[in-house]
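> Need a 3D model of the following:
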Amino acid sequence: MKIGLFGGTFNPIHVGHLIVANAAANLMDLDKVLFIPAMVNPFKQNEKESTDYNIRCEMIRLAIKDNDKLGLSLIQQSLPIPSYTIDTLRLLKDNDEGNDYVLIIGSDLLYSLNQWKDYQEIINNYEIYYYERLGFDLFNVKFKNIESSVVDISSTLIRKLIKEDKDIKYLVPDSVISLIKKHKLYKK
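Residues are numbered from 1 along each chain as shown. Below is the predicted model:
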């Protein structure tokens, strides 16, 4: 199987994430796209708004429950904190040699890829598919573009709207909104 790996904090997951994952699964001929929520993102270790890992996983489960091509991987629980993409890839490869893994990242991350742990090993051994993010133009990139609409939504924006008691309908699935309300997430 050819499996796309879509890592991130997903704090919270939103329709932009879902559009990208679904486009990657369908337009890039992937058998499955796995969301891999970070226990602690190495680049966001000091982030003040850290929602519990299990709650973020539950949001993902709710958001993808009706799409067989999308899944959730809890592999980050097996890795030291903070975990790095290369460690995730190595563990997947060690445990499951029959699959091909493809990374799915935003075009904004392509600018900082050289700051990732063992990034040359990633570039040399794995395909990278990217989706466009506004403000991050790419020229002469050797990675494959997931041709989908650019959706300028961020988890940061959603958290800000919730703090300001503004509506987030259509930015995240209704089931995720219910979970956010249940746990009173992102309030002041």
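> State the pLDDT value of residue 113.
Per-residue pLDDT puts residue 113 at 90.
> And the nearest residue to it once chain neighbours are set aside, how close does it get to residue 128?
Nearest-residue entry for residue 113: residue 119, 5.4 Å, with adjacent residues in sequence omitted and distances by C-beta to C-beta, 6 or more residues apart in numbering. Yep, even glycine has a C-beta here, placed from its N, CA and C like the rest. Distance, residue 119 to residue 128, using C-beta to C-beta, to the nearest Å: 10 Å.
> Same question for residue 26.
Remark: distance between residue 26 and residue 128 (C-beta to C-beta) = 18 Å.
> more neighbours, the two?
Set residue 26 next to residue 128 and count neighbours by other C-beta atoms under 10 Å: residue 128 wins out with 17 against 13.
> what pairs with that one across the strands?
residue 103 (DSSP bridges).
> Test my guess that it contacts residue 102.
Yes: here residue 128 reaches residue 102: they are 7.2 Å apart, a contact under C-beta atoms under 8 Å.
> where does this protein have low pLDDT?
Applying pLDDT under 70 to the chain flags the ranges 41-49, 134-141, 149-150.
> again, 80 this time
Of all residues in the chain, those with pLDDT under 80 make up the ranges 40-50, 97, 133-142, 147-151, 188.
> Break down it into its strands, ranges please.
Listed from the start of the chain, the chain has strands (DSSP state E) covering 2-8, 32-37, 70-72, 100-106, 127-131, 144-145.
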